[in-house]
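# Can you look at this prediction? I've put the sequence above it.
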Amino acid sequence: METIKKIAIVAVVVPVMLAVDSLSCPAQASETQAQQKLQQVALFKNGLAFFVSEAAVPENKTEFYVVPSAAASHGTFWVAYPEKLKLNSLVVKQTEIEEFIDAINVAELLRANVGKTVKLYFPDPDEPTIEGKILYFAQDRQTPKPEPYAPGGLGTVAGNYRGYDYGSRLAIIDTPNGQVGVNPDIIRRVDFPNGTPARAFAKKKDLMRLDIKLVEPADDQKLFVSYLAKGIT
């Protein structure tokens with residue numbers, strides 16, 4: 001039976017590794033993501049869940065990364081791998097990516113076309129049209145994350161932010177008569193006089209990833225990643 005090695009990255013270790021990664025000399029991060037298959041999820045009454053995933057080592061690669069299905073809690077990552085897989089380093093870090101989302105309304109269409117010239121029409125026929133370049137489109141405020149383990153529980157977090165408006169309702173248009181702020185949600189029609197508009201906008205997303213470096217390629221090998229995550233129901 002093949003020997004399996006295990007590495008436990010616990011709460012004390014992860015913050016140190018994150019700090020070292022951010023202070024080290026700039027290096028090109030691997031852009032190869034390992035194919036991952038979720039093997040098991042165990043749910044607990046307190047909102048915690050235990051995940052076990054299987055990741056296939058990419059062919060002819062010594063550097064790749066694994067993105068967990070949920071954000072690991074309490075600094076937990078357990079990695080198991082076969083003896084023939086020679087591990088060089090393993091670093092957990094938080095990173096930011098951009099996802100491109102298709103626009104499904106006028107407001108999102110404006111967000112996708114910042115920098116382009118538009119002509120805006122409003123529901124009220126007496127409201128003058130606005131023509132100019134989209135200078136700015138406000139980003140949505142980030143909704144507070146649930147904190148079931150914080151003092152006071154979920155009620156405290158929800159109460160502190162009750163009444164906040166998280167959706168973006170501001171675009172700034174540069175017109176010949178100056179800059180104008182408009183509410184994108186009330187625009188009835190938008191024209192693009194100078195060409196075809198983009199149909200998707202970029203949205204930033206934070207995620208946790210596990211960067212793995214091997215001493216040599218290990219084709220057809222697999223490693224197993226286990227971790228705890230909270231807020232799972």
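Right, received. Where do you want to start?
# all contacts plus neighbour counts: C-alpha atoms, from now on.
Fine.
# And this protein, what are its domain boundaries?
4-96+207-229, 104-155+166-198 (automatic domain parsing).
# Quickly list what the most centrally placed residue in the chain is bridged to.
Against the mean C-alpha coordinate of the chain, by C-alpha atoms, centre = their mean, the closest residue is Lys205 at 2.4 Å. On the basis of DSSP bridges, Lys205 is bridged to Ile97.
# residues making contact with stretch 179-198?
106-107, 109-110, 112-113, 116-123, 169-174 (C-alpha atoms under 8 Å, 6 or more residues apart in numbering).
# returning to that earlier point: check what pLDDT the residue nearest to the centre of the chain gets.
pLDDT recorded at Lys205 is 78.
# Quick one: neighbours of Arg169, just the number.
17 (other C-alpha atoms under 10 Å).
# So for it, what's the nearest residue that isn't a sequence neighbour?
Asn183 (5.1 Å; C-alpha to C-alpha, 6 or more residues apart in numbering).
# quick one: Glu108 is in a helix?
Yes - looking at Glu108 with DSSP: H, G, I helix; E, B strand; the rest coil, it is inside a helix.
# Quick check, it in contact with Phe201.
Yes - taking C-alpha atoms under 8 Å as the definition, Glu108 is a contact partner of Phe201 at 7.3 Å.
# what element comes up after the least confident helix or strand in the chain by mean pLDDT heading to the C-terminus?
Of all helical and strand segments in the chain, the minimum by mean pLDDT, DSSP states H and E falls on helix 13-23, at a mean of 37. Note on helix 13-23: by DSSP states H and E, the next helix or strand toward the C-terminus is strand 36-43.
# Quick check: which ranges of the chain have low pLDDT?
1-30, 143-166, 232-233 (pLDDT under 70).
# Which parts of this protein are helices?
When secondary structure is read from DSSP state H, the chain shows helices at 13-23, 106-111, 153-160.
# Now stretch 122-133: buried residues?
Buried residues in stretch 122-133, counted by 16 or more other C-alpha atoms under 10 Å: Phe122, Ile130, Glu131, Gly132, Lys133.
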